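Participant: Next input, structure requested:
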Amino acid sequence: MKNCEKGIGHSVHKFTFSQVFGPETTQSEFFEGSTKEIVRAYVNGVNGLVFTYGVTNAGKTYTIQGTSKDFGILPRSLDMIFNYIRGRQYLKMNFKPYLSNDVKKLEEAQVKQEEAIKTTLLASLKEETESISNTVANMCHVESTSSKCTSRNLPSDSLAEKNFVPIDAYRTNIHQRTQASVWVSFCEIYNEYVYDLLSVLSTLKNQRRRVLRICEDQGGNSYIKDLKWINIQSTEEGCKVLKIGNKNRSFACTRMNEQSSRSHSIFSIRLLILTDEHQPHVLGVSELTFCDLAGSERCNKTQAFGDRLKEAGNINNSLHILGKCIAALKQNQNPKMKPSYIPFRESKLTRLFQPFFCGKGKACMIVNINQHASTYDETLHVMKFSAIAKQVIQTVLPKSLGDFPPKLVGGDGKPIVRFDVNTSVDDFPDSNETFAEEEVDITILSHEDLLKTAENLKEKLVAERQSKLLLEVNIRREMAEAMFRQLLETEEAWSNRLEDMKDSYEEKLESKFELYKEAIKKHAYMCAMEQIEDHYVPIEEFIAEQEKVEDRESKILQLERQLHEQSGRLLTLGSPRSDVLNTENGVEPDLTDKMMKRANEGLQKQCLEKDELIKSLKLKIQKLNETVLEANEGYRKMAEENSRLKHTIMLKDQEMNSLQNWAKRVLELEETVSSLQKELDERKKHFSIEDSKQQKPRRGLLANLKSTVAGTASTPLGRGWGKHEEASTSKKHILFAHKAKE
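Facilitator: Numbers count the residues shown, from 1 in each chain. Alright, predicted model coming up:
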């Protein structure tokens, strides 16, 4: 297998199959080489499965059904079956397939109902079927000398080979002849739902198809519940049923196929082998199933969306699970490897195929190939899957039609036991076991025995009622005591729980308060330490600075005094003298000005430093105020939590009070039970005294019997007990009402 689109030199894949058919192969040749052996085994009692697998638009439906002019393997198989049973066909419908491998014997009304269903189904096909009948008639060539019917497309000796055993070889012990009945069904698996394709739908648009369930019988074999089986008498009727089912089948148009199958269709043929007697019984049942699998596809190539996308997902999922099952079967064949789980139940399709994969029949997989280059990847996946399936070794369990006869059930679904020469007595139930529970006929007893029996039954009834009443009282007392103990235990547990909750919440609150206090103290201490570290001045430096300031102030005072003195001298002296003084004392004013400037600069620096210190202190005070606000907010939250906890404690106290009220009610009920017990004892004594005082009239056995029967009919036994129970219940209601008022 090589892809032409990807160029020369690409890797070539090789696969091996049992047989390969080219595009020039005809339907007849394909049937001869693929399906004929399975049909042979089927008429000899071996179940068979034929299913087609491949990508979309690969010709799977054409392989199975064919066309009206060139039939596929399904119509040819029907033709082969009817050719084989010709002359031995059972024409009645009173034996019908039931469950997976059983047969149901129908009543006369049920047979008429089956005939009506078949007539209605075939009448729903409005198209003319003359072409079908003509084609089928042409396929069968009747030879007047041998009175055998064979297909023109099939070789005339297809059913006369030496290794082919006829049905008459499987006879019972008395070697009676056999006859056969053919039943067919047609269903589909669409979106993992099973639908019957032979159910006639009404013309209403809103009517939905009925979904069928897959069930299992007692042997674990799967079957489709309520699936419709139709009895067919010829190949023409089988083709009509197939055509009717195809009308109800799910098809849709995609980019790769104009008539794409959107479901897995399953056409089953069951062959019932019966004895040729006046009242025949079933010898065996074999089933041949044709499954047209929907093609695997890729959504990007089919341009699927909406419903088509959902259908493609379900189709690919079921085919993937089928591949997993076949891969697990191949793995389990290797004795060196650990057996793996086979996921048959993950899909409806594999669940129905499970018996064929487990050795209860032959299975044949037909792989259809689409040679278009655009489907190379999908076709390669199909070939790899089929290569794994080729390696699965299938072992069919040996089975004979006479060895394991199916179970026969009646119209009501109950098994029918058939009396035979070989039937032993041990096969039937014992008569003692069957009639052990039947009542004794009292009409055979005498009058005295009847009276004694009535008295004994009366005594037993009274004793039984007394025992039941005592048992009820004891049960009520035990239930009340158990309930009271449970309430006390619950009360004690809740009280302990409340105390523990109180203690734990108090401890948590105290610990939280302590944590908040320590956090506030630490925060205040850290702020104070930061302030001290930022503006800390040693005492020695502070004293030295003060001394310097004092020295400077004293120098300033001295200079001011000298300035005043000099100014006074200048005023007293004359103008010529002033010039001399100015020249002599010109140095001293310059020195004083410089000293004054330096002193002023130092004072200004100190003022600036003090201003900065004041600003930093204001900022720290602001931060402390914010911290205090946060602490107040935390305290407020803690107060709210404390109030919420107090509310919870109050609710728990209310629950404790309600539990105490219930305990009081239980005590009151126990007192009521004790009082009722005393009344019951008094009634017992009174009843025993009255019973001893009663005298029986002696007027003959028949008169006594009539009076006894009339007395029991007018006043039933236990009437006094019913009155006593009503009185006791009324007393209970009065007592409960009185207590409720208190």
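
Participant: what packs against the secondary structure element (helix or strand) that residue 528 belongs to?
Facilitator: According to DSSP states H and E, residue 528 maps onto helix 447-534. If contacts are counted by 3 or more C-beta pairs under 8 Å, 6 or more residues apart in numbering; DSSP states H and E, helix 447-534 sits against helix 587-693, helix 701-714. Yep, even glycine has a C-beta here, placed from its N, CA and C like the rest.

Participant: among those, which is nearest residue 218?
Facilitator: helix 701-714 (48.3 Å; C-beta to C-beta).

Participant: circling back to that earlier point, which stretch among the helices and strands packed on helix 447-534 comes nearest residue 120?
Facilitator: helix 701-714 (56.8 Å).

Participant: chain center to stretch 102-114: distance?
Facilitator: Distance, stretch centre to chain centre, for stretch 102-114: 37 Å (C-alpha atoms, centre = their mean, to the nearest Å).

Participant: can you list contacts of it?
Facilitator: 92-98, 217, 231, 272, 282, 285, 406-411, 413, 416 (C-beta atoms under 8 Å, 6 or more residues apart in numbering).

Participant: just stretch 85-95 next, same as before
Facilitator: For stretch 85-95, using C-beta under 8 Å, 6+ apart, the contacting residues are 43, 82, 103-106, 111, 114-115, 147-149, 167, 177-182, 231, 233, 271-272, 274, 276, 280, 282.

Participant: Which positions within it qualify as buried?
Facilitator: Buried residues in stretch 85-95, counted by 16 or more other C-beta atoms under 10 Å: 85, 88, 90, 93, 94, 95.

Participant: State the next helix or strand along the chain beyond the helix or strand bottoming out on mean pLDDT in the chain.
Facilitator: The least trusted helix or strand in the chain, going by mean pLDDT, DSSP states H and E, turns out to be strand 149-151, with a mean of 33. Per DSSP H and E, strand 149-151 leads on to strand 178-190 as the next helix or strand towards the C-terminus.

Participant: For the helix or strand just after that following strand, which outside residues touch it?
Facilitator: Per DSSP H and E, the first helix or strand lying C-terminal to strand 178-190 is strand 193-196. The set of residues external to strand 193-196 that reach it, using C-beta under 8 Å, 6+ apart, is 185-188, 209-214, 224, 226-228, 248, 348.

Participant: on that earlier part again, can you select the buried ones among the contacts of stretch 85-95 for me in PyMOL?
Facilitator: Remark: buried members of those, expressed as a PyMOL selection using 16+ other C-beta under 10 Å:
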select buried, resi 43+82+103+104+105+106+111+114+148+149+167+178+179+180+181+182+231+271+272+274+280+282
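
Participant: what about the stretch 251-400 of the chain, any weak spots by pLDDT?
Facilitator: 251-260, 297-307, 395-400 (pLDDT under 70).

Participant: Helices of that one, start to end?
Facilitator: Residue ranges of the helices in the stretch 251-400 of the chain, as given by DSSP state H, counting those that start in this stretch, are 299-302, 307-332, 348-357, 376-390.

Participant: one step back: pick out the shakiest of the helices and strands packed on helix 447-534, pLDDT-wise.
Facilitator: Per-stretch mean pLDDT for the helices and strands packed on helix 447-534 is lowest at helix 701-714 (a mean of 52).

Participant: Quick check: phi and psi at residue 46.
Facilitator: Here is the backbone geometry of residue 46 (degrees, to the nearest 10): phi -100, psi 130.

Participant: Compute the distance between it and residue 287, please.
Facilitator: Distance of residue 46 to residue 287, computed by C-beta to C-beta, to the nearest Å: 10 Å.

Participant: shared neighbours, these two?
Facilitator: Joint contacts of residue 46 and residue 287 (C-beta under 8 Å, 6+ apart) are residue 361.

Participant: Which residues are in contact with residue 185?
Facilitator: By C-beta under 8 Å, 6+ apart, the residues touching residue 185 are 196, 198, 224, 227, 228, 229, 230, 267, 268, 270.

Participant: Which one among those residues sits at the bottom for pLDDT?
Facilitator: Comparing pLDDT over these, the lowest score belongs to residue 198 (88).

Participant: Give me the three-state assignment for the nearest residue to it once chain neighbours are set aside.
Facilitator: Leaving aside its chain neighbours, residue 198 sits nearest to residue 228 (4.8 Å; criterion: C-beta to C-beta, 6 or more residues apart in numbering). Assigned with DSSP: H, G, I helix; E, B strand; the rest coil, residue 228 falls in the coil class.

Participant: Was I right to think residue 228 contacts residue 197?
Facilitator: No: using C-beta atoms under 8 Å, residue 228 is not in contact with residue 197, being 9.0 Å away.

Participant: Show me which of those two is the more surrounded one.
Facilitator: Shown here are residue 228 and residue 197; by other C-beta atoms under 10 Å, residue 197 has more neighbours (23 against 19).

Participant: ok, the nearest residue to that one once chain neighbours are set aside - contacts?
Facilitator: Once flanking residues are discounted, residue 197 sits nearest to residue 245: 3.7 Å by C-beta to C-beta, 6+ apart. Each residue near residue 245 by C-beta under 8 Å, 6+ apart is listed here: 186, 197, 198, 265, 267.

Participant: Redo those as JSON lines? Include distance to residue 18.
Facilitator: Putting those into JSON lines (distance: C-beta to C-beta, whole Å) gives the following:
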{"residue": "186", "distance to residue 18": "28"}
{"residue": "197", "distance to residue 18": "31"}
{"residue": "198", "distance to residue 18": "33"}
{"residue": "265", "distance to residue 18": "24"}
{"residue": "267", "distance to residue 18": "23"}
